[in-house]
Structure formats: structure tokens, C-alpha cells
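> Please work out how this folds:
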Amino acid sequence: MKKFNVTGTCIPEKHYMVDISDKLSQIIGMIENEEYFTINRARQYGKTTTLYQIDRKLRGKYTVLRMSFEGAGENAFRSDEGFMRFFVKKVERELIFLEKPETLLREWSNLADYSGEQCDDALDYLSEKITKLCRNDKQGIILLIDEVDKSSDNQIFLNFLGMLRNKYLFRQESRDTTFKSVVLAGVYDIKNLKLKLRPNDERRYNSPWNIASDFSVDMSFSSDEIASMLREYEQDCHTGMDVNGMSRDIYFYTNGYPFLVSRICKWIDEEGGRIWTSEYVKNAVNALLQMDSTLFDDLIKNVENYPELQKMLRQILLEGSRFSFVATDSAIDLGCVFGIFVKREHCVAISNVIFETYLYNHMLSKKSRDDTRLRVENSHFVQNGRLDMPQILLKFQEVMKAEYRKEDEKFTERQGRLLFLCFIKPIINGTGHYYVEPETRNSTRMDVVISYGGEEHIIELKLWHGEKYREEGIKQLERYLDYRSADKGYLVSFSFLQEKSYYSGWLPQEESGRKIFEIQV
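Got it, this is the predicted structure:
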């Protein structure tokens with residue numbers, strides 16, 4: 001029986017997998033066109049599985065040498081000679097596995113003719129060995145290296161790239177023989193290694209990989225591609241799921257991030273009783289947000305390590321700021337490298353709902369730790385497993401009036417949304433979850449969707465700028481309720497008036513038939 005896999009390489013015979021044949025065709029086309037390039041994508045984005053699939057597709061037609069720099073010892077990158085011996089050993093293992101002729105293997109592995117006295121440059125010696133190997137192998141050799149950025153801040157590695165670059169250029173002039181194609185895989189694009197280089201190394205950076213072709217293949221999964229995996233699963237398990245509906249739901253939360261897609265499917269299959277409904281997708285997301293994960297660990301580590309990235313995230317998430325997508329902006333570049341940012345309608349956007357919610361949770365945790373005024377007993381707001389949302393909002397209004405009424409307008413404008421999310425999260429924690437609708441997040445409004453006990457509660461947070469803006473907020477909420485096919489919604493208005501009415505109550509909505517509960521704080 002196949003399984004959904006979230007660790008290591010996915011194997012078609014063992015795991016349910018998305019059909020990525022179109023993506024593979026594009027990549028293999030680049031390889032057969034003799035291009036050198038880097039598959040640079042964020043952690044757990046399917047890079048290793050992609051290299052494995054390339055290997056399977058091309059083996060037999062070409063000699064494919066596939067290796068990883070994961071776990072390479074210190075000696076491998078301490079000197080050119082150390083790297084030369086490390087690389088020779090890696091290739092030797094591949095040639096043995098591929099059952100290449102003994103004469104070819106022996107010639108490659110023999111290092112007896114190398115010595116520091118006879119050959120001053122170990123990489124020159126390695127270059128000659130690569131030339132002989134490629135001349136003797138008539139199929140053409142493809143070199144695939146995974147986890148290259150484990151050592152990409154090391155000058156020895158840059159020297160190696162420079163050697164490959166020179167051989168590539170000489171091959172173009174028919175003056176050398178070398179690998180048909182070289183494919184590197186890692187988080188960082190080798191072209192922008194300055195991100196990882198130490199300051200005193202920057203002067204030695206000389207674009208050693210400027211021969212590489214741009215890699216523009218979309219490695220995320222579309223809704224249709226997710227459906228291809230679920231369709232295979234359904235043929236085996238006969239759960240009766242709506243395959244297309246499930247793929248759309250999973251795509252909504254993940255935006256096709258490969259690990260997140262597989263993790264949701266794995267939870268439903270193994271822990272969710274194989275109940276493939278929208279509600280169980282939400283349950284899987286809620287469980288995922290509470291799991292320990294190296295992906296989430298890396299997400300927070302990267303945000304904390306780069307203050308400019310952290311500042312931009314806070315401006316986007318909490319202040320509703322919009323930034324044009326400028327690839328040369330260092331904060332935007334970092335966010336894209338780490339899989340946090342994507343380009344959407346020419347603007348910077350958080351890559352998926354799960355990352356966005358996890359980042360919100362991280363920010364809320366820090367705020368709640370520093371500000372204890374929002375802590376309330378949550379047992380009063382859950383009745384028969386369902387949220388009493390009007391009572392929750394009335395309590396929030398009470399806390400804001402008692403604890404924050406003396407805060408100035410600037411504080412309320414910048415902190416109001418954060419305070420509301422800090423208040424609501426402990427009440428739903430562990431049972432329900434929330435997300436912010438990206439399309440409504442701007443400097444004046446933000447829609448929060450809370451899922452709890454099989455119900456969705458839609459709340460619009462609006463900054464008060466007069467009665468006209470209040471009425472527009474009500475219309476915006478009505479339009480969003482219509483879009484969500486919901487008949488009930490909630491409006492929280494943050495007012496900057498000195499004498500606030502602290503109004504609360506249900507608004508008459510005779511024409512639309514929808515009910516809206518409003519509070520002003």
C-alpha cells in the first residue's frame with residue numbers, strides 16, 4: 001500500500017505523488033540542450049525528489065552522476081586537494097553503481113600520479129581527470145549535485161564552480177571535453193552567493209556561475225496537479241472524496257508548497273480517519289500549525305536572523321502595507337529565497353495561508369508574553385462546542401475600554417489588529433484556527449475567518465475614519481459574506497474619537513437578509 005511521504009525522496013512505487021511530468025519535461029529539455037543551471041527553491045520543496053526523477057528518466061540514455069554535499073566532512077572543503085579527493089570518491093561510487101567498465105573506473109580512481117610537487121593546483125588535476133572521463137564515456141555525462149549550499153559560502157566550492165565554468169567555456173570553443181550538463185540543487189541560487197559570503201570574502205566573489213541558465217520552472221503544485229495525486233489515492237482507497245474539491249481546498253491553504261500539500265494529505269489519511277472533507281482539511285491545517293517541524297523552525301529562524309525581512313513582514317501582516325515586487329530589494333530577495341514571499345499582481349505577498357498564520361502566531365506569542373492585559377478565561381465563550389461570537393466581541397470591547405482607552409490614535413492604528421488576534425487566539429487554540437483573507441488586508445481593513453466547531457465566523461476589522469467609512473465597511477463585509485455564501489458576519493471598528501460611544505449590537509439588514517453584529521472600540 002502506498003503512503004503519503006513527507007521525509008526524504010518520494011518513490012513512485014512507494015508513495016502517492018503529484019504528476020510532475022510537465023515540469024520534468026521542461027527540466028530535461030534544458031539538460032539535453034547542454035545547459036548548466038541551479039534548481040534553487042526553499043526547504044522541503046521537492047528538489048531531491050526532482051533530481052531522483054531526472055536520474056530515472058535519463059539513466060541509460062546518458063551517464064548520470066548523482067551526488068549530494070549533505071554531510072560532507074570538513075576536510076572536503078579545507079583545501080583544493082581535499083575537495084579534489086572528496087569529489088573523485090563521490091564519482092567513483094557512482095561509476096561502481098552504474099557498473100562502468102573496470103578500465104574506466106580504474107583510470108578515474110587512480111590518484112597515484114598526483115602530488116603537490118608535480119601538480120601545484122589540485123583543481124587543474126581534477127579538470128584533466130574530468131576531461132578524460134568525459135572523452136571515454138560516449139553516452140555523455142550529466143552531473144547532478146544536491147545540497148550544494150551546504151558548502152556554498154566556502155571559497156573552495158567557488159573555485160570548483162570556476163573550474164566548471166572554464167571547462168564549459170572551452171567546450172563552447174571545441175577546446176575541451178566536459179560534462180554535458182551540470183544541475184545544482186539548493187536553497188540559494190549560486191548566482192547570488194553574496195547572500196552567504198562572509199564580508200571579507202566578497203572581494204573574491206567573481207560570478208563563478210555566470211554561465212548558468214535561469215531556472216524558471218514553477219516547482220509548486222497547481223490544483224490540477226494535486227488532483228492527479230488524490231485521484232490515484234482514490235482509485236486505491238475508494239473514500240468517495242470529491243477529488244477536485246479537495247485539491248482546491250488543499251491548494252487554498254498551501255498555494256502548492258510541496259511539503260505542506262503532502263503533510264495535509266498524510267494527516268487525513270493516517271490520523272483523520274480518511275475523511276476527505278473541507279472540514280478535515282481545516283483540521284489537518286490546525287494540526288500542522290501545532291506540530292514540530294524543521295520547516296517551521298527554519299521559517300522562524302530566517303525571520304529572526306534578518307531584521308529587514310522581519311520589519312517588512314510586520315508591515316505587510318499587521319499594517320496592511322503593500323510593496324511593489326522589486327527583485328533587487330534585499331528583504332524581498334531574502335523572503336523569496338526562503339519561500340516566504342511570492343510575486344502576486346506585481347506586489348509582494350506571503351506565499352501561502354499556512355506560513356502566514358504561523359507567522360501571525362509567532363508575533364502573537366511575543367505580544368501576549370509582553371502584554372498580559374488581554375488574558376481572559378475562555379470557558380465562557382464556548383457553548384455546546386460552538387463559539388458565542390457576540391459575547392467574545394463584547395468581552396474584547398470591555399477589555400479595550402478598561403485597559404487601552406488611554407492609548408493614542410497611532411497605537412490603536414498600528415496595534416489594534418494585533419490586539420484582537422492576541423485576544424481571540426487563546427479562545428480557539430487547540431480546537432479551531434483562524435486565517436486572514438489576503439485579498440482584504442490593507443491599511444484600513446482586514447477580514448479574519450475563524451473556523452471552530454464546524455462553523456466559520458467572518459470578522460472585519462475596520463479603522464474608524466467617520467460614518468461614511470463605517471457604512472463602506474458594512475458594504476464591504478456584506479460583499480465578502482456574499483462571496484463566502486455566509487449569512488452572518490461581525491464588524492469591529494477601531495475608533496480614534498476622544499469620546500467613543502462603544503456601540504455594540506446587531507445591525508438591521510432587511511434588504512440583504514444578512515445579520516451583522518458590530519462593536520466599536
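> The helix or strand where F296 lies: how far from the chain's middle?
When secondary structure is defined by DSSP states H and E, F296 falls within helix 294-305. In terms of Cα atoms, centre = their mean, to the nearest Å, the gap separating the centre of helix 294-305 from the centre of its chain is 11 Å.
> same deal with stretch 248-255?
Distance of stretch 248-255 from its chain centroid, counting by Cα atoms, centre = their mean, is 13 Å.
> ditto for stretch 499-510
41 Å.
> coming back round to it: flag every buried residue along the helix holding F296.
Using 16 or more other Cβ atoms under 10 Å as the burial criterion, the residues of helix 294-305 that qualify are 295-296, 298-299, 302-303. Using the backbone N, CA and C atoms, a C-beta is placed for each residue, glycine as well.
> now do stretch 12-27
The neighbour-count check on stretch 12-27 (16+ other Cβ under 10 Å) flags 15-20, 23-24, 27 as buried.
> measure stretch 315-335 end to end?
Chord length of stretch 315-335, first to last residue, is 14 Å (Cα to Cα, to the nearest Å).
> ah, wrong one, I meant stretch 285-293
Start-to-end span of stretch 285-293 (Cα to Cα) is 13 Å.
> shouldn't F381 be in contact with I427?
Yes. Under the criterion of Cβ atoms under 8 Å, F381 makes contact with I427 at 5.5 Å.
> Overlap of the contact sets of those two?
Counting by Cβ atoms under 8 Å, 6 or more residues apart in numbering, the contacts common to F381 and I427 are 387, 392.
> Chain neighbours aside, what residue packs nearest to the residue nearest the centre of the chain?
Nearest to the mean C-alpha position of the chain, counting by Cα atoms, centre = their mean, stands G339 at 3.7 Å. Spatial nearest neighbour of G339, chain neighbours left out: A42 (2.6 Å); criterion: Cβ to Cβ, 6 or more residues apart in numbering.
> State whether that neighbour is indeed within a strand.
No. Counting by DSSP: H, G, I helix; E, B strand; the rest coil, A42 is located in no strand; its state is coil.
> For the spatially closest residue to S495 that is not a sequence neighbour, list the residues it contacts.
The spatially closest residue to S495, leaving aside those adjacent along the chain, is W464, at 3.9 Å (Cβ to Cβ, 6+ apart). For W464, the set of contacting residues under the criterion of Cβ under 8 Å, 6+ apart consists of 470, 493-497, 520.
> pLDDT-wise, what's the bottom of these?
Model confidence across the contacts of W464 bottoms out at L497, which has 70.
> Surely that one is in a helix?
No. Under three-state DSSP, L497 falls outside any helix and is assigned coil.
> can you tell me which residues contact it?
L497 is in contact with W464, counting by Cβ under 8 Å, 6+ apart.
> between the buried residues of helix 294-305, which is closest to N75?
Comparing those against N75 with Cβ to Cβ places D298 closest, at 27.0 Å.
> Excluding chain neighbours, what is closest to the closest one?
R43 (5.3 Å).
> L481 too?
The nearest residue in space to L481 (Cβ to Cβ, 6+ apart) is G489, at 4.8 Å.
> immediately after the helix or strand hosting that neighbour, which helix or strand?
Applying DSSP H and E as the criterion places G489 in strand 488-494. Remark: after strand 488-494, the chain's next helix or strand is strand 504-507, criterion DSSP H and E.
> Who are the packing partners of that following strand?
Applying 3 or more Cβ pairs under 8 Å, 6 or more residues apart in numbering; DSSP states H and E, we find strand 504-507 packed against helix 389-403, strand 515-520.
> quick one on the thing from earlier: residues near the residue nearest to D298, how many?
Summarising burial for R43: neighbours were counted as other Cβ atoms under 10 Å, giving 16.
> Ok, L491 next?
By other Cβ under 10 Å, the residues close to L491 number 22.
> Disregarding flanking residues, what is the spatial nearest neighbour of it?
Nearest non-adjacent residue to L491, counting by Cβ to Cβ, 6+ apart: E518, 4.3 Å away.
> so who does that neighbour touch?
Residues touching E518, when contacts are defined by Cβ under 8 Å, 6+ apart, comprise 474, 490-493, 503-507.
> any idea how far the residue nearest to D298 lies from I427?
From R43 across to I427, the span is 32 Å (Cβ to Cβ, to the nearest Å).
> and if you look at K167?
With distances taken as Cβ to Cβ, K167 is found 63 Å from I427.
> ok, back up a step: list buried residues within the contacts of E518.
By 16+ other Cβ under 10 Å, the contacts of E518 give 474, 490-493 as buried.
> Adding distance to L105, write those out as a markdown table.
Listed next are the buried ones among the contacts of E518 as a markdown table, based on distance: Cβ to Cβ, whole Å:
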| residue | distance to L105 |
| --- | --- |
| I474 | 76 |
| Y490 | 71 |
| L491 | 74 |
| V492 | 71 |
| S493 | 75 |
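> As a check, name the ranges of all helices in the stretch 201-350 of the chain.
Taking DSSP state H, counting those that start in this stretch as the criterion, the stretch 201-350 of the chain carries its helices at 223-237, 243-254, 258-270, 278-289, 294-305, 307-319, 330-337.
> Pick the most deeply packed of the ones you listed.
helix 258-270 (a mean of 23; mean count of other Cβ atoms under 10 Å).
> can you dump the C-alpha coordinates of stretch 366-380 into CSV?
Taking only C-alpha atoms (Å, rounded to 0.1, in the frame of the first residue of the first chain), the coordinates of stretch 366-380 have been written out as CSV:
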residue,chain,number,x,y,z
LYS,A,366,5.7,37.6,21.6
LYS,A,367,2.9,40.2,22.1
SER,A,368,1.0,38.1,24.6
ARG,A,369,4.1,37.4,26.6
ASP,A,370,4.8,41.1,26.9
ASP,A,371,1.3,42.3,27.4
THR,A,372,-0.9,40.4,29.9
ARG,A,373,-3.9,42.7,29.7
LEU,A,374,-5.6,40.6,27.1
ARG,A,375,-5.7,37.3,29.1
VAL,A,376,-9.3,36.2,29.8
GLU,A,377,-11.0,33.0,30.9
ASN,A,378,-12.2,31.3,27.7
SER,A,379,-14.7,28.8,29.1
HIS,A,380,-17.5,31.4,29.0
